[in-house]
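Enquirer: Return a 3D structure for these sequence lines:
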Amino acid sequence: MTRAIYITETNCITPLGFDVQSNIDAIVRGDSGIQLHQDASLMPIPFYGSVINTEKLNSVFEKISTSAKYSRLEKMMILALAPIIKNSGVELNSKTAFILSTTKGNITALQNDSEESFNNAHLDVLARNVSDFFGFKTQPIVISNACVSGILAVSIAKRMIQSELYDNIFIIAGDEVSEFVLSGFNTFQAMSDLPCKPYSKNRTGVSLGEAAAAVLVSAEAKNAKIKVIGDSSINDANHISGPSRTGEGLFRSIQNALKEAQIDIDKLDYISAHGTATPFNDEMEAIALNRLGLQNVPVNSLKGFYGHTLGASGLLETVIAIESANQNMLFESKGFDKIGVSESINVIEKNEPANIDFFLKTASGFGGCNTAVVFEKLKY
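Expert: A predicted model of the protein is given here:
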């Protein structure tokens with residue numbers, strides 16, 4: 001019999017707050033972390049982005065460690081992970097794994113021309129630094145697959161526990177806004193000159209953001225409110241940065257995840273989609289959802305609140321989606337005004353109550369990667 005897999009603890013560090021509840025409160029109020037920034041060290045021209053206040057980050061981190069050796073991203077990750085390790089009571093033994101998920105990691109270390117900085121930019125060093133802070137006994141596992149990294153980590157954790165390699169897996173996902181990332185997206189001419197508007201006719205591109213999110217994936221049902229019941233990852237191999245025009249990879253990922261979950265599409269109550277507000281991504285998602293007959297299922301993108309947080313986005317949005325289900329509340333897709341994709345989809349325009357028993361989280365990324373995971377809310 002296949003082991004049941006649960007998510008029992010969640011947390012996040014974002015510009016909207018340093019715990020889950022403060023983030024939910026901000027979303028309910030309609031607050032967005034996206035602001036106009038004028039920081040020449042990041043970008044020579046003003047840009048809209050969602051950036052964590054560094055002074056606040058350092059101040060909060062000092063409450064758990066006075067060490068000066070940790071990078072800004074490492075501080076974000078440690079702060080996100082610390083409460084769920086403490087609250088879970090899970091022993092960090094040989095049956096407990098640690099997964100670190102990121103797209104660019106400590107890329108800012110490369111701004112310093114030294115062998116030590118070059119070494120610190122390696123993802124395995126980042127993972128080891130965070131792992132050693134908590135004293136994990138197992139070797140850290142790094143997931144870095146563009147912007148599906150965060151939700152792909154949940155998929156991989158599920159499979160590892162089902163294979164009985166581990167009983168518990170702590171996941172941390174994080175990325176930060178950096179000169180490297182900003183210049184890359186600006187080169188693509190993909191950055192919006194206003195806060196992003198996913199799926200909107202008036203969208204002009206992506207807003208970038210930063211965050212760290214953490215969850216505990218477990219075979220133990222104690223304290224669990226969410227069950228992971230299906231997953232799939234398919235690469236459409238279309239283009240280095242452009243998604244399949246037919247949504248093939250996302251279509252197959254969702255199709256496979258629903259098949260494993262053994263639920264019909266009419267049982268799906270909500271979709272937390274990727275929704276970057278770029279023309280190709282939004283269009284691809286709309287096509288894939290219509291091909292699956294999911295065009296009427298309520299869907300949102302949280303990018304209007306957080307910007308695109310790269311490797312953190314899939315896990316951060318899962319954390320918020322879990323709260324959405326637990327509170328039976330659909331959160332607005334902030335920035336949306338008028339449908340701007342060729343296929344009709346049911347974009348959530350305002351916060352509204354709804355019964356959510358099953359929900360889907362999707363993500364897509366550069367290189368043609370796509371991931372879909374189906375969750376079930378537990379009833380007691």
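Enquirer: which residues in this protein form helices?
Expert: For the chain, helices defined by DSSP state H occupy the ranges 20-29, 54-61, 72-88, 115-120, 123-134, 149-162, 179-187, 248-261, 279-291, 303-306, 313-326.
Enquirer: Check those helices for me and report the most buried one.
Expert: When neighbours are counted by mean count of other C-beta atoms under 10 Å, the highest per-stretch mean among the helices of the chain falls to helix 303-306, a mean of 30. Heads up, the C-betas are built off the backbone N, CA and C, glycines and all.
Enquirer: Run through who's touching that one.
Expert: For helix 303-306, contacts defined as C-beta atoms under 8 Å, 6 or more residues apart in numbering pick out 14-16, 26-27, 31-34, 50, 195-198, 206-207, 209, 211, 275-277, 313, 316, 333-336.
Enquirer: Turn the helices of the chain into CSV, including distance to P46.
Expert: What follows is the helices of the chain, written out as CSV (distance: least, C-beta to C-beta, whole Å):
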stretch, distance to P46
helix 20-29, 23
helix 54-61, 18
helix 72-88, 21
helix 115-120, 28
helix 123-134, 30
helix 149-162, 28
helix 179-187, 11
helix 248-261, 33
helix 279-291, 23
helix 303-306, 19
helix 313-326, 23
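Enquirer: Identify whichever of the ones you listed lies nearest to L216.
Expert: Proximity to L216 (C-beta to C-beta) singles out helix 72-88 among the helices of the chain, at 5.3 Å.
Enquirer: now for that closest one, which elements pack on it?
Expert: Applying 3 or more C-beta pairs under 8 Å, 6 or more residues apart in numbering; DSSP states H and E, one finds that helix 72-88 contacts strand 5-13, helix 54-61, helix 123-134, strand 168-175, strand 211-218.
Enquirer: For the first one, name the packing helices and strands.
Expert: Spelled out, that is strand 5-13. Contacts defined by 3+ C-beta pairs under 8 Å, 6+ apart place strand 5-13 against helix 20-29, helix 72-88, helix 149-162, strand 211-218, strand 226-233, helix 313-326.
Enquirer: Just give the strands next to that strand in its sheet, each with its orientation.
Expert: Strand pairing for strand 5-13, using DSSP bridges, gives strand 211-218 (antiparallel), strand 226-233 (antiparallel).
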